[in-house]
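got a sequence here, can you build the structure:
(one chain, ligands or ions: 1)
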Amino acid sequence: VLSPKLTDLYNLDGCIVVIIDVFRATSTIASALYNGAERVIPVAQVDACIEIGKELNAITAGERDGKIIEGLLHGNSPLEYSREFIENKTLVLTTTNGTQMLHLALERGADEIITGSFPNLNSVCAHLKLRRKNVILACSGWKNRFNMEDTLFAGAVIDNVKDFFEIHCDSSLMAQNLFKVQKKDLKTFAALTTHWHRLAKYGLENDMLYCLSENVADVLPFYDKTKQCLYSKT
Ligand code: MLT
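Here you go, the predicted model:
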């Protein structure tokens, strides 16, 4: 289990990297692909998002500090991407931490990249069990700092796949333990976190409740390095 500032300490070569941003980027990616988006293009910069959106006639979306950015059409709410709206469309997404973490993993030579969140927990775990490669659970955190909700999800993954892997990292043991202690009432615990408070100020509690719901958008977002996009791998 790593966070952005720790990326240099890990060798990503030959690993599956699971990008995790529970509130809300990777939950939004799962939701859009589950509802039939053709692909999600994760980009690091707002300018690039606008440019790619124009070029592809795609939906541009994202946030900085939780707020929709001027110049983009939509925000980073998983509930915005209903089937009626997103089916067969391309979403170009830029966010404060999640899409940055994905690009960091790419720069650092990750072999294979998928994204994970509670809405697609089962698909992520099934894929990891099938592939049996080394796994890095990349928690996006908040502006290079640790956060609780991403660690909780990392713990949920570890708890699910533990019998198929050896665990070589105390942060993984910590994450698993945290999840086991809190899993009966994730909502009450998650409501204590800093990002919950940040988003609650904008009235986004329903987003966060969705983001804590297991397997409601159970797809496997898989990053295609050639096409530079995430698509749903079946
Ligand atoms: C991020 O990438 O930091 C987020 O998903 C922030 C958010 O929109 O809640």
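
most distant residue from the middle of this structure?
Using C-alpha atoms, centre = their mean, the residue of the chain lying farthest from its centre is Glu55. It sits 25.2 Å away.

Thr90 versus that one, what's the distance?
With the distance defined as C-beta to C-beta, to the nearest Å, Glu55 ends up 10 Å from Thr90. For glycine as for every other residue, the C-beta is placed from the backbone atoms N, C-alpha and C.

partners of the worst-scoring helix or strand of the chain on mean pLDDT, with directions?
Lowest by mean pLDDT, DSSP states H and E among the helices and strands of the chain is strand 67-68, with a mean of 88. Looking at strand 67-68 with DSSP bridges, its partner strands are strand 59-64 (antiparallel).

quick one: buried residues of the strand it pairs with?
59-63 (16 or more other C-beta atoms under 10 Å).

the residues you listed: which two are farthest apart?
Pairwise distances across the buried residues of strand 59-64 (C-beta to C-beta) peak at 14.2 Å, for the pair Ile59 and Glu63.

quick one on the thing from earlier: which of the buried residues of strand 59-64 come close to the ligand?
Glu63 (C-beta under 6 Å from any ligand atom).

report the buried residues of whichever helix or strand the residue farthest from the centre of the chain is part of.
Per DSSP states H and E: Glu55 is located in helix 46-56. For helix 46-56, the neighbour count (16+ other C-beta under 10 Å) marks 46, 49-50, 52-53 as buried.

try stretch 93-104
Counting neighbours by 16+ other C-beta under 10 Å, stretch 93-104 gives 93-104 as buried.

near the ligand, which residues of the protein?
21, 23-25, 63, 66, 76, 95-98, 199.

in helices only, show me these.
Secondary structure defined by DSSP state H assigns 25, 98, 199 of those to helices.

for those residues, which one is nearest Ile86?
Looking across those and measuring by C-beta to C-beta, the closest to Ile86 is Ala25, at 15.3 Å.

which two of the residues of the chain next to the ligand have the greatest separation?
Farthest pair in the residues of the chain next to the ligand (C-beta to C-beta) is Gly98 and Leu199. Separation: 13.7 Å.

what touches both of the two?
Taking C-beta atoms under 8 Å, 6 or more residues apart in numbering as the criterion, Gly98 and Leu199 both touch Arg24.

mind listing the strands for the chain?
16-20, 39-42, 59-64, 67-68, 90-94, 112-116, 135-139, 221-224, 229-232 (DSSP state E).

which elements pack onto the last one?
It refers to strand 229-232. On a contact count with 3 or more C-beta pairs under 8 Å, 6 or more residues apart in numbering; DSSP states H and E, strand 229-232 meets helix 25-34, strand 39-42, strand 221-224.
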